[in-house]
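# Predicted structure and sequence below. I'll ask about it afterward.
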Amino acid sequence: MGFLEKLGFGKGGKSTAGSPRSTRKIDVDERFERIRTAVSGTMSKFYAARDRQTDKLVGLKLCELEKYTFFESRFKGMNKPSEGEIAASMDHPNIMKTLEYGMTNQNEPYLVMEFIDGPGLNTLIQNRDLERLGDKRLSLIVQMADAIAYVHKKGYIHRDVCPRNFICSSDIDLIKLIDFGLTVPATEPFMRPGNRTGTPLYMAPEIVRRRATDHRLDIFAFGVSCYQLLTFEFPWPGGEVSGLAALNHDTSNPRDIFEYRPDLNRTLGSLIMQSVQPNPQDRVPSMQQFVQTLGKVDREVARA
């Protein structure tokens, strides 16, 4: 049995369990009224859109064909599931639900998702929005960790964990992970050196140094995201935002989070600092362990 078949897909990638895949190419502008751009992704754009067929507000992702084709060409002959197949297989309260996926009449992959009319986590961080984040940051971190742990349990590495790829509800009580455009199976062929994709400021050193990777690169990126959420700063301050930024991640030490937040729960701060260690062997070994330690943090905060 092949990888896709284990996930519920038959030969040729067709779902054996009721797939939301569209078998017909669609005219995007005929089908959807694009209301506004919601997020710009690594290889795509997300829109808030009205589906003319259902009159419902949805999230519409349109992949940039040139970038998408170049990325997928790395895995030619490896039977890699498409982004739509991966996203549609996710069923978790903190992961955006994929309703439909397929190809446009311009041969661009598209995905239709549930829509949450709230801010991206990156916007809240960039605006240093303490008023809205308030005391909700620990809850958000717990939800984010649950989502990533679920992705890993499903047998994938997300590869683009960053605040841009988390969307909050309007009351900031709920947060959901989006964008599986760079996601790959957590199997040896997909973890070989050479795949240098991701968002540079959150990129683990093993990616930019062209070393073998595994799920711990998501742990690193998640650690950087949590650090930024709690301090509104990066562990490695600097003005560089290109791939060169990731070179700092194993040539200089991350700034101790307690320098920014001396009031921070010690267990939580130490957990985050362990997650951003340049050597994967020194990091928190799994997202499941991260989640379990967060449970201890929650109890400590409740007793404080």
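Noted; the coordinates are in hand. Numbering: from 1, shown residues only.

# where does V58 land on pLDDT?
We note a pLDDT of 96 for V58 in this prediction.

# do the same with the one 5 residues further on
Turning to C63, the model gives it a pLDDT of 88.

# Just confirm Y110 is within a strand.
Yes - checked against DSSP: H, G, I helix; E, B strand; the rest coil, Y110 lies within a strand.

# correct me, but it touches L60?
Yes - because the distance of 6.8 Å satisfies C-beta atoms under 8 Å, Y110 is recorded as touching L60. Placement of C-beta: from N, CA and C, glycine included.

# Any stretches of the protein with poor pLDDT?
In the predicted model, the chain carries pLDDT under 70 at residues 1-19, 38-42, 239-245.

# Helices of that one, start to end?
In chain order, the chain shows helices spanning 3-6, 28-31, 65-73, 83-88, 121-126, 130-133, 137-153, 205-208, 216-231, 257-260, 266-275, 287-303, with DSSP state H as the criterion.

# Counting neighbours, which bits of the third one end up buried?
Judged by neighbour count using 16 or more other C-beta atoms under 10 Å, the buried positions of helix 65-73 are Y68, F71, E72.

# can you list contacts of it?
Contacts made with helix 65-73 from outside it, assessed by C-beta atoms under 8 Å, 6 or more residues apart in numbering, are listed as T42, M43, S44, K80, Q106, N107, E108, P109, G181, L182, T197.

# Just the buried ones among the residues you listed, please.
With neighbours counted by 16+ other C-beta under 10 Å, the contacts of helix 65-73 contain buried members at T42, M43, S44, K80, E108, P109, G181, L182, T197.

# tell me the contacts of the spatially closest residue to the last one that is not a sequence neighbour?
Yep, that's T197 we're talking about. Of all residues not flanking T197 in the chain, L182 sits nearest, at 5.0 Å (C-beta to C-beta, 6 or more residues apart in numbering). Contacts for L182 were tallied using C-beta under 8 Å, 6+ apart; they are T42, M43, F71, H158, R159, D160, T197, G198.

# picking that back up, would you list the buried ones among the contacts of helix 65-73 in JSON lines and tack on distance to P189?
Below are those laid out as JSON lines (distance: C-beta to C-beta, whole Å):
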{"residue": "T42", "distance to P189": "22"}
{"residue": "M43", "distance to P189": "21"}
{"residue": "S44", "distance to P189": "24"}
{"residue": "K80", "distance to P189": "9"}
{"residue": "E108", "distance to P189": "27"}
{"residue": "P109", "distance to P189": "22"}
{"residue": "G181", "distance to P189": "19"}
{"residue": "L182", "distance to P189": "16"}
{"residue": "T197", "distance to P189": "16"}
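
# Nearest to D29 among those?
Proximity of the buried ones among the contacts of helix 65-73 to D29 (C-beta to C-beta) peaks at E108, which lies at 12.3 Å.

# quick one: the closest residue to the closest one other than its chain neighbours and E83, what's the gap?
If the residues on either side of it in the chain are set aside, E108 comes closest to L65, at 4.9 Å by C-beta to C-beta, 6+ apart. If you measure L65 against E83 using C-beta to C-beta, to the nearest Å, the figure is 13 Å.

# quick one: common contacting residues for those two?
Counting by C-beta under 8 Å, 6+ apart, the contacts common to L65 and E83 are P109.

# Spit out the residues that contact Y110 and L60 alike.
With contacts taken as C-beta under 8 Å, 6+ apart, the residues that reach both Y110 and L60 are V28.

# returning to that earlier point: farthest pair in the buried ones among the contacts of helix 65-73?
Looking across the buried ones among the contacts of helix 65-73, with C-beta to C-beta as the criterion, the two at the greatest separation are E108 and T197, at 18.9 Å.

# circling back: in JSON lines: the buried residues of helix 65-73, plus distance to G295.
Below are the buried residues of helix 65-73 laid out as JSON lines (distance: C-beta to C-beta, whole Å):
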{"residue": "Y68", "distance to G295": "39"}
{"residue": "F71", "distance to G295": "36"}
{"residue": "E72", "distance to G295": "38"}
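
# Which one of those is nearest to V142?
Using C-beta to C-beta, the buried residues of helix 65-73 come closest to V142 at F71, 31.2 Å.

# where's the closest one relative to R196, distance?
Distance of F71 to R196, given as C-beta to C-beta: 11 Å.

# With P20 instead?
Plainly put, P20 is 31 Å away from R196 if you go by C-beta to C-beta.
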